[in-house]
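Peer 1: One predicted model, sequence on top.
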Amino acid sequence: MNRTFRLLLLFLFLVAAIVMLLYLDGERGTNAQLHFKMDEPSRISQVLIGEEANKVRLVKQGTRWSLNDSLYLDQDMLKILLSVMEKMQIKRAIEAAELQEVLRLSGEPVSVFVSSEEGEVKRWKIAGNPQSLQTYLQFMGAWYEVYLPGYDSYLAGFFLMPTHKWESLRVYEGTPQSLFEIQVIAEDTLRMLPEKGELVLQGGAAYDTLATVKWLESAIHFQVKAWSDSAYAFGTPELSVHIADLNPTLGSKINLYRQDSLFFLQLNGKKWAEMEASDWQFWQGIRQSWKGNN
């Protein structure tokens, strides 16, 4: 075997090796693209984000989702999350030569665990670059850059949000159809039984029916601007609104307090929110309705 023939064989071997590596790399990307997400995103029943100390736990219970077992989940945030997990795609595989630098710049990745009702499980680690431009995802030991087609979005930031960002800002999580009773407690008490179409003001006093019904419809959809990390201690609330739902877990007890020019709302004896003057005036508006025809 002469030298030229040996060189030709070596050249052909190298070409074959390169083709094989490219094929395997393509297969790795293709397989990841096909398998890193749930086959049926609509069947996702649990999403765990983060480690134990700061874990965000989203669990489907019947037709509703809960946040960390006892908190109300912002349903709009949930819809966005499920949509992101369904639509995000792999842009490219992170090569070994750049992986160490990518991970160094990205910092500690967050763990994500997704499971379905049928027991299908996906485990990811997600990180982002310091400029909040690229998002990286680890699946089955390999790292990829992922993106959302048609959107210039920083996906990693969505998975790095603290628990309180996932909480619903609504003061009542039921629906007008599931609402069983409302009591508005101040100097007088208004009792509403929607199923019977009754609005009863304690003592039988007259009130502006149309204005009261309009106020109640707005009240059950009211949202605070943000929940506070602080806890406050006040005396008797100026106004209390108790909402009973056909599902007892969805009932709400809302207390309103005022301290000088500051206004506060307490929900179910636990969470607090500071309110603007306009929000305070809205809640106080029910009293004007009561007294409208007196």
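Peer 2: Perfect, I can see it now. These numbers were taken from a predicted model, which means no experiment stands behind them.
Peer 1: Can I get stretch 267-281 in PDB? Just the C-alpha atoms.
Peer 2: Output of stretch 267-281 as PDB, limited to C-alpha atoms (Å, rounded to 0.1, in the frame of the first residue of the first chain):
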ATOM      1  CA  LEU A 267     -57.700  39.500  53.400                       C
ATOM      2  CA  ASN A 268     -58.700  36.400  55.400                       C
ATOM      3  CA  GLY A 269     -56.900  37.600  58.500                       C
ATOM      4  CA  LYS A 270     -53.500  37.000  56.800                       C
ATOM      5  CA  LYS A 271     -52.500  39.100  53.900                       C
ATOM      6  CA  TRP A 272     -52.200  42.900  53.800                       C
ATOM      7  CA  ALA A 273     -52.300  45.400  51.000                       C
ATOM      8  CA  GLU A 274     -51.900  49.100  51.100                       C
ATOM      9  CA  MET A 275     -54.500  51.000  49.000                       C
ATOM     10  CA  GLU A 276     -54.700  54.200  47.200                       C
ATOM     11  CA  ALA A 277     -57.300  56.800  48.100                       C
ATOM     12  CA  SER A 278     -59.400  55.900  45.000                       C
ATOM     13  CA  ASP A 279     -59.600  52.200  46.100                       C
ATOM     14  CA  TRP A 280     -60.700  53.300  49.600                       C
ATOM     15  CA  GLN A 281     -63.400  55.500  48.100                       C
END
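Peer 1: What residues of that stretch count as buried?
Peer 2: Within stretch 267-281, the residues scored as buried using 16 or more other Cβ atoms under 10 Å are 267, 271-275, 279-280. C-beta here means a position set from N, CA and C on the backbone, and glycine is covered the same way.
Peer 1: Also stretch 179-186?
Peer 2: Buried residues in stretch 179-186 (16+ other Cβ under 10 Å): 179-184, 186.
Peer 1: any idea which of the residues you listed is closest to residue 248?
Peer 2: Nearest to residue 248 among those: residue 180, at 9.3 Å, using Cβ to Cβ.
Peer 1: what's the average pLDDT for the host helix or strand of the closest one?
Peer 2: Taking DSSP states H and E as the criterion, residue 180 maps to strand 179-185. Regarding strand 179-185, the rounded mean pLDDT is 78.
Peer 1: With just CA atoms, put that strand into CSV.
Peer 2: C-alpha atoms of strand 179-185 as CSV (Å, rounded to 0.1, in the frame of the first residue of the first chain):
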residue,chain,number,x,y,z
LEU,A,179,-71.1,33.1,44.9
PHE,A,180,-73.5,32.1,47.7
GLU,A,181,-73.8,35.1,50.0
ILE,A,182,-72.3,38.6,50.6
GLN,A,183,-72.4,40.4,53.9
VAL,A,184,-71.2,44.0,54.0
ILE,A,185,-70.8,45.0,57.7
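Peer 1: Okay, now the sheet partners of that strand, with direction.
Peer 2: strand 189-193 (antiparallel), strand 239-245 (antiparallel) (DSSP bridges).
Peer 1: quick one: average confidence on the last one?
Peer 2: With pLDDT averaged residue by residue, strand 239-245 scores 87.
Peer 1: go on, the shortest one?
Peer 2: Per-region confidence: strand 189-193 scores 66 on mean pLDDT.
Peer 1: Can you pull the phi/psi pair for the closest residue to residue 165 other than its chain neighbours?
Peer 2: Ranked by Cβ to Cβ, 6 or more residues apart in numbering and with sequence neighbours excluded, the top spatial neighbour of residue 165 is residue 77, at 7.6 Å. When read as degrees, to the nearest 10, the backbone of residue 77 gives phi -60, psi -40.
Peer 1: count of residues packed around residue 77?
Peer 2: Neighbour count of residue 77, defined by other Cβ atoms under 10 Å: 17.
Peer 1: any idea of the mean pLDDT in whichever strand or helix holds residue 92?
Peer 2: Secondary structure assignment for residue 92, by DSSP H and E: strand 89-93. For strand 89-93, mean pLDDT rounds to 90.
Peer 1: quick one: strands adjacent to it?
Peer 2: Short version: by DSSP bridges, strand 89-93 pairs with strand 142-147 (antiparallel).
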